[in-house]
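Enquirer: Fold the following, please.
(one chain, ligands or ions: 1)
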Amino acid sequence: MKDLKTAYGEWALVTGASSGIGEVFSRRLAAAGMNVVLVARRKERLEALANELSTSFNIETRVVCADLSDEDETKGVVTAVEDLAIGMLVNNAGILNTGNFLDNDLEDEIRLLNTNCKSFLILTHGLGNKMKERNKGALIFLSSLTSVAAISRWSNYSASKGYDLMFSEALNTELKDYNIDVMALCPGLTRTELAEFSSITKLITMDVDVVVDIALSKLGKTNIVVPGIMNKINFFLTRLNPRNLNTRLFSMVVKPTQDLNLRH
Ligand SMILES: NC(=O)c1ccc[n+]([C@@H]2O[C@H](COP(=O)([O-])OP(=O)(O)OC[C@H]3O[C@@H](n4cnc5c(N)ncnc54)[C@H](OP(=O)(O)O)[C@@H]3O)[C@@H](O)[C@H]2O)c1
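Expert: Sure, this is the predicted structure:
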């Protein structure tokens, strides 16, 4: 792994730092000597993590509590870090809705779109421009293996992750001239609080530490990172398959997840 602080600067900002993939990103970046801004809604968790990281790694931390499904609160995050030179942005906060779209609550679906996509857009614009001025930076987008298939019963989620993938792929080309490394991280099922997976799906889930370590080792080298050999094969075959075939295959795979226990 490259020296992240030298490559990108002193400060990183991680959204969804209160659990799962975002929490592990925050731990790894702090261990690499970067100061970290921790963003999510659960204040106590963020404060506990901030204390732990600043004590263990002798770094600075800042906690910014925000609901990233709200446009104004998301813009408020950019304002809250105006005095810091953020060199790395990890756009990670996200939620999953499952079930038939028309049966779901509309507000829940809008919340998903805003958190999984709109917050990425606002923060990337707000912090990316300063990276451009400094001529260095890193943008990591949490997409998913589901980004390459249109999955029924996960329709809004898979579409939102498709947006994250396409957005980051395009920015990767656009921002090369400014030395900004862009990554779409596309994990398969990973053991976090996002969903309580059934015993069957648990067999194919990955450990969150492994996912984050792979991502950081590839930063600046590869634009699309798919952790795990089976996920990699799945991702690239899916890209080659006709989309309607993928929809059928993925929809069969996610069927046992209808009873997922989801936390918003
Ligand atoms: N786990 C998987 O299998 C998997 C696979 C592929 C991709 N991903 C992606 O990885 C990312 C992280 O998910 P995870 O698996 O680590 O799940 P997680 O443990 O549930 O973490 C989600 C994080 O997002 C934050 N968040 C959710 N809604 C928010 C909101 N409205 N405002 C601010 N923060 C919000 C949560 O914090 P608060 O609740 O404190 O706000 C939490 O820190 C997501 O984008 C997800 O789509 C996950």
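Enquirer: For the chain, give me the ranges with low pLDDT.
Expert: Scanning the chain for pLDDT under 70 picks out the ranges 197-203, 255-264.
Enquirer: Helices of that one, start to end?
Expert: Here the chain has its helices, by DSSP state H, at 4-8, 20-31, 43-57, 71-80, 106-113, 119-134, 155-174, 199-202, 208-218, 229-240, 243-254.
Enquirer: Residue 86: which of these is closest?
Expert: helix 119-134 (4.9 Å; C-beta to C-beta). Glycine gets a C-beta too; all of them are placed from N, C-alpha and C.
Enquirer: Please work out which residues outside that closest one touch it.
Expert: Outside of helix 119-134, the residues within contact range by C-beta atoms under 8 Å, 6 or more residues apart in numbering are 9, 13, 15, 68-69, 71, 74-75, 77-78, 81, 85-87, 89, 91, 93, 137, 139, 141, 164, 167, 171, 175, 178, 180.
Enquirer: so which of the helices of the chain is the most packed in?
Expert: helix 20-31 (a mean of 23; mean count of other C-beta atoms under 10 Å).
Enquirer: So what touches that one?
Expert: For helix 20-31, using C-beta under 8 Å, 6+ apart, the contacting residues are 4, 12, 14-17, 36, 38, 40, 49, 53, 56-57, 59, 61, 88, 90, 92-93, 140, 142, 187, 190, 192-194, 208-209, 211-213, 215-216.
Enquirer: returning to that earlier point: and of the helices of the chain, who's closest to the ligand?
Expert: Between the ligand and these, the shortest separation by C-beta to the nearest ligand atom is 2.2 Å, and it involves helix 20-31.
Enquirer: how many other residues sit next to the residue nearest to residue 9 when sequence neighbours are not counted?
Expert: Closest residue to residue 9 apart from its sequence neighbours, by C-beta to C-beta, 6 or more residues apart in numbering: residue 87 at 2.6 Å. Other residues within reach of residue 87, judged by other C-beta atoms under 10 Å, total 24.
Enquirer: Report the contact partners of residue 87.
Expert: Shown in contact with residue 87 (C-beta under 8 Å, 6+ apart): 8, 9, 10, 11, 12, 34, 131, 134, 136, 137, 138.
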